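[1] Based on what follows, work out the 3D shape:
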Amino acid sequence: MLIGILLAINIIVCIALIGFVLLQRSEGGALGMGGGGAGSFMTARGAGDFMTRMTWILFSVFLVISLVLTVLTGRIGGADSVVDKLKIDNLDTKTLSAPAAPTVPAPGSAVPAPGSTAPSAVPAPQLSVPAPAAPAPAAPAQTPAQ
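    Numbers count the residues shown, from 1 in each chain. Sure thing, here's the model as predicted:
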């Protein structure tokens, strides 16, 4: 429950941080876009100080909450790593290194219809088995004109 509350607060702080960054006036004049300062409700220096201070405060809160969430979720998951959770000791190395024998259907065997319920009769597709070459079409026999 604590993680859910912290996550919700972190999302709100993140959205506020994005808003404050986007509202700030460009100081470098990048791409020739200056900012108009004539119609602002605060002086340029006062608005810049407030926005800069709020950006740093929101960034600090976002960073602290993110670190706390990382620590809390790490303790909930346990101390084991993903590699430790794999049961490598129980694996049989002989079956891992043996190549799979390709199954090729016998020529002339009947293939069941697509709607039939005979899954054992249909071989599994194999990528290592080359496709059979299609026979060349026979040339039509020409009869001499009489």
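[2] Low-confidence ranges, the chain, go.
    Filtered on pLDDT under 70, the chain yields the residue ranges 27-48, 77-85, 96-141, 143-146.
[3] let's see 50
    39-40 (pLDDT under 50).
[4] for it, which helix is longest?
    Longest helix in the chain, counting residues (DSSP state H): helix 44-77.
[5] can you pull the buried residues of that helix?
    Residues Ala47, Met51, Met54, Thr55, Leu58, Val61, Phe62, Ile65, Leu69 are the ones in helix 44-77 that count as buried (16 or more other Cβ atoms under 10 Å). The way it works is simple: take the backbone N, C-alpha and C, and place the C-beta from them, glycine included.
[6] Check the contact between the fourth one and Phe20; I expect there is one.
    Yes. Taking Cβ atoms under 8 Å as the contact criterion, Thr55 and Phe20 are neighbours in contact, 5.0 Å apart.
[7] now the residue nearest to Ile9 when sequence neighbours are not counted: how far from Cys14?
    Nearest residue to Ile9, sequence neighbours excluded (Cβ to Cβ, 6 or more residues apart in numbering): Ile65, at 6.2 Å. Distance, Ile65 to Cys14, by Cβ to Cβ, to the nearest Å: 9 Å.
[8] Relative to Arg25, how far out is Leu17?
    In terms of Cβ to Cβ, Leu17 sits 17 Å off from Arg25.
[9] coming back round to it: correct me if wrong: the residue nearest to Ile9 contacts Ile11.
    No. With contact defined as Cβ under 8 Å, Ile65 does not reach Ile11; the gap is 9.8 Å.
[10] What is the neighbour count of Phe20?
    19 (other Cβ atoms under 10 Å).
[11] Take the buried residues of helix 44-77 and write them to JSON lines, including distance to Gly4.
    Converted to JSON lines, the buried residues of helix 44-77 look like this (distance: Cβ to Cβ, whole Å):
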{"residue": "Ala47", "distance to Gly4": "36"}
{"residue": "Met51", "distance to Gly4": "31"}
{"residue": "Met54", "distance to Gly4": "26"}
{"residue": "Thr55", "distance to Gly4": "26"}
{"residue": "Leu58", "distance to Gly4": "21"}
{"residue": "Val61", "distance to Gly4": "18"}
{"residue": "Phe62", "distance to Gly4": "17"}
{"residue": "Ile65", "distance to Gly4": "13"}
{"residue": "Leu69", "distance to Gly4": "10"}
